[in-house]
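Student: let me see the structure of the following:
(one chain, ligands or ions: 1)
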Amino acid sequence: RIITYGTFDMLHYGHINLLRRAKKMGDYLIVALSTDEFNWNSKHKKTYFTYDKRKQLLEAIRYVDLVIPEKNWDQKVNDMKLYQIDTFVMGDDWTGKFDYLSEKTGIKVVYLPRTPEISTTQIKKDLNSRKPVLKHDSSTSKRER
Ligand code: C2G
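Tutor: Take a look at the predicted model:
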């Protein structure tokens, strides 16, 4: 039984890569999804999609078996016991930050390499910079017309 935590705003292939590799480590994957309040009050993140929308998206992913709310930084130890977790997985931007979980609960803690070049912040930046993200050749645009 595997668990991972995150905001998963503007779901993208970096998130999917993480979830696919996490699921491969077991046969049941729980995603603890940061609530809007937790994002705003503790992570100072304003998400584009609300918790309900982000939950709906995650529940549509074949690798995800259950989505629960992440309400604070301190619920992890209890979550490990409550959901009988074997392995905790996070991207390696968190390397070392959750080692205490294995000391406290004996579960395995794994940090997986992040997918390069993609992040919600980068998507927002590119869109705001009004850079023509997609290049259309004339034939495509004619077909669209
Ligand atoms: N991720 C990734 N590659 C990317 C972007 C994200 O592997 N290009 C991973 C992150 O490392 C994380 C997960 O996808 O494991 C979710 O990313 P975020 O939504 O940014 O999660 P974060 O805000 O870091 O929340 O208590 C832990 C926090 O809730 C983690």
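
Student: what about the strands in the protein?
Tutor: With strands called from DSSP state E, the chain shows them at 2-6, 29-34, 66-70, 87-91, 108-112.

Student: so which of these is nearest the ligand?
Tutor: strand 87-91 (1.7 Å; C-beta to the nearest ligand atom). For the C-beta atoms, the positions are set from N, CA and C on the backbone; glycine is no exception.

Student: in the chain, where is pLDDT below threshold?
Tutor: By pLDDT under 70, the low-scoring segments of the chain are 131-145.

Student: what does this structure put close to the ligand?
Tutor: Within the chain, the residues that sit near the ligand (C-beta under 6 Å from any ligand atom) are 5-8, 14-15, 18, 34, 43, 70, 90-91, 93, 114-115, 118-119.

Student: buried ones among those?
Tutor: Buried members of those, scored by 16 or more other C-beta atoms under 10 Å, are 5-8, 14-15, 18, 34, 70, 90-91, 114-115, 119.

Student: using CSV, write out every CA atom in stretch 117-136.
Tutor: Output of stretch 117-136 as CSV, limited to C-alpha atoms (Å, rounded to 0.1, in the frame of the first residue of the first chain):
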residue,chain,number,x,y,z
GLU,A,117,10.9,21.1,-17.5
ILE,A,118,7.2,20.8,-16.5
SER,A,119,5.6,22.5,-13.5
THR,A,120,2.3,24.3,-12.8
THR,A,121,4.4,27.5,-12.2
GLN,A,122,6.1,27.1,-15.7
ILE,A,123,2.7,26.6,-17.4
LYS,A,124,1.3,29.7,-15.9
LYS,A,125,4.5,31.7,-16.8
ASP,A,126,4.4,30.5,-20.4
LEU,A,127,0.7,31.3,-20.8
ASN,A,128,1.2,34.8,-19.2
SER,A,129,4.1,35.6,-21.4
ARG,A,130,1.7,35.3,-24.4
LYS,A,131,4.5,33.2,-26.2
PRO,A,132,2.8,31.4,-29.1
VAL,A,133,3.0,28.0,-27.4
LEU,A,134,1.7,26.0,-30.4
LYS,A,135,3.0,26.6,-33.9
HIS,A,136,0.4,26.0,-36.6
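
Student: understood, closing this out.
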